[in-house]
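missing the sequence, but the structure's below:
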């Protein structure tokens, strides 16, 4: 499907209905996935007629896109990956970025569900993945790419640079995607009230050491 876009609201007075549908659909899509989700279940959960989904979103696909966009925008707004201070060191900016990524996935105090929604989308892709990638993932990824280029210097080969990007992202994602496994290793792992602080510091420090080693290897080859 090409040029996927969540349709805008047809009437400003319908914002409450849109919000109810997005809230209801979020849980249904998380529980059942996009393909198995039933629009009747979403409408029932929202307490509206099923026709409201077509009216406001053009159907199930449009509602799904609106759900993804809603939660992605909330996560980016609540947990940015570019600090407001422009003169921070590369290491400080990297630490800030890592904290933003981990917070988007694990912050229990924020209403955004983009973490689990995207994990479902990645493991069972729908045409919406292209929309999310172009609208959100690519711009956010470019921020990390630019920072890693600055950190590594020496014009790192594209394949190496991408491996570094995926290594950083993988360390963040595993705590959300592998939650069931992590809890089997350590049942109380996610009960730690300072979990996000500790994980952010660990992933940033661990990754920074690897990036510094990679930067040294690049210099030795030149």
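Arrived safely. For clarity, every value in this text was computed on a predicted model and none was experimentally measured.

quick check: buried residues in stretch 62-76?
Using 16 or more other C-beta atoms under 10 Å as the test for burial, stretch 62-76 gives 62-72, 74-76. Just so you know, the C-beta spots here come from the backbone N, C-alpha and C atoms, and that holds for glycine as well.

among these, name the ones in strands.
When DSSP state E is applied, those are split such that none fall in strands.

quick check, nearest of those to residue 145?
Nearest to residue 145 among those: residue 76, at 16.8 Å, using C-beta to C-beta.

which ones are touching that closest one?
Applying C-beta atoms under 8 Å, 6 or more residues apart in numbering to residue 76 gives the contacts 104, 136, 140.

which residues sit against the helix or strand containing the first one?
Right, the one you point to is residue 104. Assessed by DSSP states H and E, residue 104 sits inside helix 90-106. Applying C-beta under 8 Å, 6+ apart, the contact partners of helix 90-106 are 75-76, 78-83, 88, 110, 112, 114-115, 143-144, 147, 150-151, 168-169, 172-173, 175-176, 190, 195-196, 199-201, 203-204, 207-208, 211.

do that again at 7 Å, thanks
With C-beta atoms under 7 Å, 6 or more residues apart in numbering as the contact definition, helix 90-106 has outside contacts at 75, 79-81, 83, 114-115, 144, 147, 150-151, 172-173, 175-176, 195-196, 199-200, 203-204, 207-208.

among these, which ones are buried?
Among the contacts of helix 90-106, those scoring as buried are 75, 79-81, 114-115, 144, 147, 151, 172-173, 175-176, 195-196, 199-200, 203-204, 207-208 (criterion: 16+ other C-beta under 10 Å).

helix or strand right after the helix or strand hosting residue 165?
Element membership for residue 165 (DSSP H and E) is helix 158-177. Where DSSP H and E defines the elements, the next helix or strand beyond helix 158-177 is helix 179-185.

and that following helix, how far out from the chain middle?
Relative to its parent chain, helix 179-185 has a centroid offset of 21 Å by C-alpha atoms, centre = their mean, to the nearest Å.

kindly report the same for stretch 156-165.
21 Å.

just stretch 26-46 next, same as before
Relative to the centre of its chain, stretch 26-46 is centred 20 Å away, using C-alpha atoms, centre = their mean.

low pLDDT regions in this structure?
Within the chain, the stretches with pLDDT under 70 are 1-13.

helices of this structure, start to end?
Assigned by DSSP state H, the chain shows helices spanning 15-36, 39-46, 51-57, 60-78, 90-106, 114-123, 128-132, 138-152, 158-177, 179-185, 195-221.

and the longest one, what's buried?
Within helix 195-221, the residues that count as buried by 16+ other C-beta under 10 Å are 195, 196, 199, 200, 203, 204, 207, 208, 211, 214, 215, 218.

surely the last one and residue 156 touch.
Translated: residue 218. Yes - when contacts are counted by C-beta atoms under 7 Å, residue 218 is listed as touching residue 156 (6.1 Å).

which one is residue 207 nearest to, not counting chain neighbours?
Using C-beta to C-beta, 6 or more residues apart in numbering and skipping the chain neighbours, the partner closest in space to residue 207 is residue 168 (5.2 Å).
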